[in-house]
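Visitor: no sequence on this one, just coordinates:
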DNA sequence: GTCTATAATATGATAGAC
DNA sequence: GTCTATCATATTATAGAC
């Protein structure tokens, strides 16, 4: 469960470069095949290190996995943290949704890694879900509630609304294969963004 | 890829009972651990058969997996097929969304099995996605488009709207651990349903 | 049809030379 | 720090008795 003793101290330039290589390759392999489906061999091959050399940097397979997860999670919540109660709600929510779509598009592997972890019961990040994530969602649900009470947007259950945003935006990364099977390869990103914003936000706008 | 030669012909009562047992246990194990994470041992233990006996019914692990997937997929699309252009759109869509939420709640394992398969590139159901699924979505997108042109609902991209429905409804099954970490155990189902219907449909309703 | 025993393989992890 | 070689284990799959 997020043992940060996993990584050895990175001191030399070669060490820190190799660590980056490993984490990048591991994100790729773990997100494609899942924790159990990924093999240390694959990760080693992908970053051009020998298996024993890779295991010199991270003693166990699980240590690589938790390192990548940790790295991903810290970045993942930044956009939600930025939701600011003092600004216009539609502007803020448009911004948040667009940023999440953008992140899912730029780094689908990270989205899939996280999806896979939660799908299988989140054994490595239970504490994170019950602690920091829960706290953050409650704080931001309160922000949305404030907007509702100020009649700046129509009423909606704030927590479920946040879930819906996550669900829809991450869908385009996690289920990309399915989306492309139906829409053809390389779906128009602007069209996607416009559609998602309309679907999620039109119901909230106060009628003119 | 969906080789239906997988199952031996089930003739005796014992055989067909055991097949059901196996498929039920396999759905559970595969959806929890993923294809690679699941072991034949686990499935055998769960349904009370010995491993060799299980492998008498399905020669290879992969055959069990494809059988379960096939079984799941056929049931999964029934609600979307029922979307009827001649009825009131809000009634029809309310019905569809409610049914999908209900299915996700009653059988989260099926939802997760499918999610896991697509997440990892859908190696076993590519043909299904590119064929039957694509055709069905195009047909039902046309239904929604008809409603829009008849001014019965506000304009929305029909395909992306279908994706959003899938994303949000399946989220409550696939990410149940996360939802419960934030909302507490056993979230109020009626409240969830009401919230999801509002979020997805309020933007479509023609102003009174 | 069902079992025990076991083969064949894949894979995580380590020992020890350089 | 990095490599080759190898161990130990887990797991799919089969052979063959009953």
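Guide: Arrived safely. Keep in mind that this is a model prediction, so the values were computed, not measured.
Visitor: list, one by one, the residues from chain A near DNA strand D.
Guide: A:11-12, A:14-15, A:18, A:49-53, A:56 (C-beta under 7 Å from any atom of the strand). In this view, the C-beta of every residue, glycine as well, is placed from N, C-alpha and C.
Visitor: tell me the one of those nearest residue A:31?
Guide: Distance to residue A:31 across the residues of chain A next to DNA strand D (C-beta to C-beta) is lowest for residue A:49, with 19.2 Å.
Visitor: burial count for the residue lying closest to the closest one once chain neighbours are set aside?
Guide: Nearest residue to residue A:49 in three dimensions, chain neighbours excluded: residue A:18, at 6.8 Å (C-beta to C-beta, 6 or more residues apart in numbering or on different chains). A count of neighbours around residue A:18, defined by other C-beta atoms under 10 Å in any protein chain shown, yields 19.
Visitor: kindly report the same for residue A:152.
Guide: Residue A:152 is flanked by 15 other residues according to other C-beta under 10 Å.
Visitor: ok, now residue A:13?
Guide: Using other C-beta under 10 Å, residue A:13 has 8 neighbouring residues.
Visitor: for it, give me the pLDDT.
Guide: In the prediction, the pLDDT value recorded for residue A:13 is 78.
Visitor: buried residues, the longest helix seen in chain A. List them.
Guide: Ranked by residue count under DSSP state H, the longest helix found in chain A is helix A:13-37. Using 16 or more other C-beta atoms under 10 Å in any protein chain shown as the test for burial, helix A:13-37 gives A:18-19, A:21-37.
Visitor: just to revisit the earlier point, okay, the residues of chain A next to DNA strand D in TSV with distance to DNA strand C next?
Guide: Compiled in TSV, these are given as follows (distance: C-beta to the nearest atom of the strand, whole Å):
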residue	distance to DNA strand C
A:11	19
A:12	17
A:14	15
A:15	17
A:18	16
A:49	12
A:50	8
A:51	5
A:52	4
A:53	9
A:56	8
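Visitor: which of those residues sit farthest apart?
Guide: Distances among those were taken as C-beta to C-beta; the most separated pair is A:11 and A:51, at 22.8 Å.
Visitor: show me which of the two is the more surrounded one.
Guide: Regarding residue A:11 and residue A:51, a neighbour count based on other C-beta under 10 Å identifies residue A:51 as having more, with 14 against 8.
Visitor: not counting its neighbours along the chain, what's nearest that one?
Guide: What sits nearest to residue A:51 in space, not counting adjacent residues and going by C-beta to C-beta, 6+ apart, is residue A:44, at 4.5 Å.
Visitor: look up phi and psi at the one you found.
Guide: Here the main-chain torsion angles of residue A:44 (degrees, to the nearest 10) amount to phi -60, psi -50.
Visitor: that one is in contact with residue A:54, isn't it?
Guide: Yes. With contact defined as C-beta atoms under 8 Å, residue A:44 and residue A:54 form a contacting pair (4.5 Å).
Visitor: quick one, which of the two is more surrounded?
Guide: Ranked by neighbour count (other C-beta under 10 Å), residue A:44 and residue A:54 place residue A:54 first, with 24 against 20.
Visitor: is residue A:71 in contact with residue A:24, as I believe?
Guide: No. Between residue A:71 and residue A:24 there is no contact, the gap being 9.9 Å when judged by C-beta under 8 Å.
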